[in-house]
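Peer 1: pasted the sequence and its predicted model underneath.
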Amino acid sequence: MKIVKVTPEVAVSEQVNLDDVPAIAAAGYAVLMNNRPDGESPGQPTSAEFAAAAAQNGLQYVYYPINGMNFPGPNLSAVAAAFDNAQGPVLAFCRSGTRSINLWVASRSPAELPPALELARSLGYDLSMVGQR
């Protein structure tokens with residue numbers, strides 16, 4: 001699992017495994033956000049499995065599955081609130097981290113958008129999903 005710290009309160013990661021959840025909690029994250037639809041890849045843990053693992057490790061769990069066809073999803077304001085109002089750092093994950101950082105960028109206010117874009121680009125992410133907004 002490769003975690004990329006975006007801000008002091010937000011990080012993104014490639015696919016997380018169930019056995020990574022205790023280490024995520026131990027690293028100080030308060031929220032685990034899953035941006036992968038169930039069944040996207042064979043053998044991928046389900047949202048229900050992640051919800052249980054998060055609860056067992058004292059993490060809040062947010063399931064907001066997106067892909068290139070439905071980005072940014074049905075409730076971007078709820079995602080912004082999950083990123084901005086969490087009771088501690090948020091770790092959002094998808095297959096590679098790209099969807100998750102695009103989602104974070106897309107959920108920024110108009111004033112926050114230019115620096116968020118610049119920051120995400122400086123971390124080496126493809127931001128073409130945000131361009132579809």
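Peer 2: Nice, thanks for sending it over.
Peer 1: rest of the way, CA atoms for contacts and neighbours
Peer 2: Fine.
Peer 1: and the residue most central in space within the chain, what are its bridge partners?
Peer 2: With distances taken as Cα atoms, centre = their mean, the chain has Ala92 as the residue nearest its mean C-alpha position (2.1 Å). Beta bridges link Ala92 to Val12, Met33, judged by DSSP bridges.
Peer 1: Gly39 contacts Ala48, doesn't it?
Peer 2: No - counting by Cα atoms under 8 Å, Gly39 sits too far from Ala48 to count as a contact (12.0 Å).
Peer 1: show me where this protein has its helices.
Peer 2: Using DSSP state H, the helices of the chain run over residues 21-26, 47-56, 76-84, 98-106, 113-122, 128-131.
Peer 1: winner for burial among those?
Peer 2: Per-stretch averages of neighbours, counted by mean count of other Cα atoms under 10 Å, single out helix 98-106 among these, with a mean of 26.
Peer 1: hmm, back to that, and the helices of the chain, which one averages the lowest pLDDT?
Peer 2: Lowest mean pLDDT of these: helix 128-131, a mean of 88.
Peer 1: ok, and what's touching that one?
Peer 2: By Cα atoms under 8 Å, 6 or more residues apart in numbering, the residues outside helix 128-131 that reach it are 68, 71, 99, 102-103, 105-106.
Peer 1: farthest-separated two in these?
Peer 2: In these, the most distant members under the criterion Cα to Cα are Gly68 and Val105, with 14.9 Å between them.
Peer 1: how close does the residue nearest to Gly68 when sequence neighbours are not counted sit to Gln60?
Peer 2: By the measure of Cα to Cα, 6 or more residues apart in numbering, the closest residue to Gly68 outside its immediate chain neighbours is Met129, 6.9 Å from it. With distances defined as Cα to Cα, to the nearest Å, the gap from Met129 to Gln60 amounts to 26 Å.
Peer 1: go on, Leu119?
Peer 2: Counting by Cα to Cα, the gap between Leu119 and Gln60 amounts to 26 Å.
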